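**Q** dropping the sequence and predicted coords here.
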Amino acid sequence: MDPLYGSNHPTDLSQPAEREEVHNRRIYCNGFVRCDGLFDIEAELTDHKTYSFPSDFRGEVMPNMPFHHMKVRLTITCDLVITAAEAVTIAGPYAVCPIANDVFANLVGIQIGPGWRRKVSAAIGGRHGCTHITELMGPVATIAYQTLYGEESRKARRSGNDKTKDTNSRNKRSIALANSCVAYAVEGN
């Protein structure tokens, strides 16, 4: 019995076939409320192989050495507009990889919202950017929403003006999120 859902929902994946792990990717994302009213969204990506392999640029890459290691930070307003953007490539497969960080500031002025992936691709993707940093922008957008709206709800609860209990506010949120997932599914659509 699942203690959270109260039914027989699985709480883990099924037992896998016999296998050997060969690649490990970790993505960490964090949202911060700043003293100046802005928000920082940070993300970090690392890739490791579980075996040693030769690299023309780095020599022998050992399992404890990340093959990719990038960090990014976006500073956003409460309207999800990017006011600052920085990226760092700590480890990459080629000497040229850190040059991709130079275009990351092209995100300044863009608003996180509809068309986000297209805007990111135009600003930092392609031949001047880094595939891995560009891919990080999907989870970064999710964390931006979670951070911003979580903070708004937290402030409302503290002030006693919790709109999550207000039927009107719940209905507006449900309309905005209609059919975005099973929890907000609208019948007939």
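**A** Arrived safely, thanks for sending.

**Q** which regions of this structure sit below the pLDDT cut-off?
**A** Counting by pLDDT under 70, the chain contains low-confidence ranges at 1-3, 6, 162-174, 176, 189.

**Q** can you give me the helices for the protein?
**A** 116-124, 131-159, 167-176 (DSSP state H).

**Q** and F67, which of the ones you listed is closest to it?
**A** For F67, the closest of these is helix 131-159, at 10.2 Å, according to Cβ to Cβ. Bear in mind the C-beta positions are built from the backbone N, C-alpha and C, glycine included.

**Q** which strands or helices does the closest one pack on?
**A** strand 23-33, strand 39-49, strand 68-76, helix 116-124 (3 or more Cβ pairs under 8 Å, 6 or more residues apart in numbering; DSSP states H and E).

**Q** and the helices of the chain as CSV, adding mean neighbour count and distance to A105?
**A** CSV is the format used below for the helices of the chain (neighbours: other Cβ atoms under 10 Å; distance: least, Cβ to Cβ, whole Å):
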stretch, mean neighbour count, distance to A105
helix 116-124, 17, 9
helix 131-159, 16, 12
helix 167-176, 11, 31
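
**Q** which one of those lies closest to S7?
**A** Nearest to S7, of the helices of the chain and by Cβ to Cβ, is helix 167-176 at 23.7 Å.

**Q** run a quick neighbour tally on L107.
**A** 23 (other Cβ atoms under 10 Å).

**Q** one more: T11?
**A** Using other Cβ under 10 Å, the number of residues around T11 comes to 10.

**Q** that one and A17, how far apart?
**A** Distance of T11 to A17, given as Cβ to Cβ, to the nearest Å: 20 Å.

**Q** could you dump the helices and strands packed on helix 131-159 into TSV with distance to A84 added?
**A** As requested, those are exported to TSV (distance: least, Cβ to Cβ, whole Å):
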stretch	distance to A84
strand 23-33	13
strand 39-49	9
strand 68-76	4
helix 116-124	14
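
**Q** out of those, nearest to M137?
**A** helix 116-124 (4.5 Å).

**Q** other residues contacting that closest one?
**A** The contact list for helix 116-124, computed with Cβ atoms under 8 Å, 6 or more residues apart in numbering, reads A100, V103, F104, N106, L107, I110, C130, I133, T134, M137, G138, A141.

**Q** what's near enough to touch the second one?
**A** Right, V103. Contacts of V103 (Cβ under 8 Å, 6+ apart): A123, I124, H128, G129.
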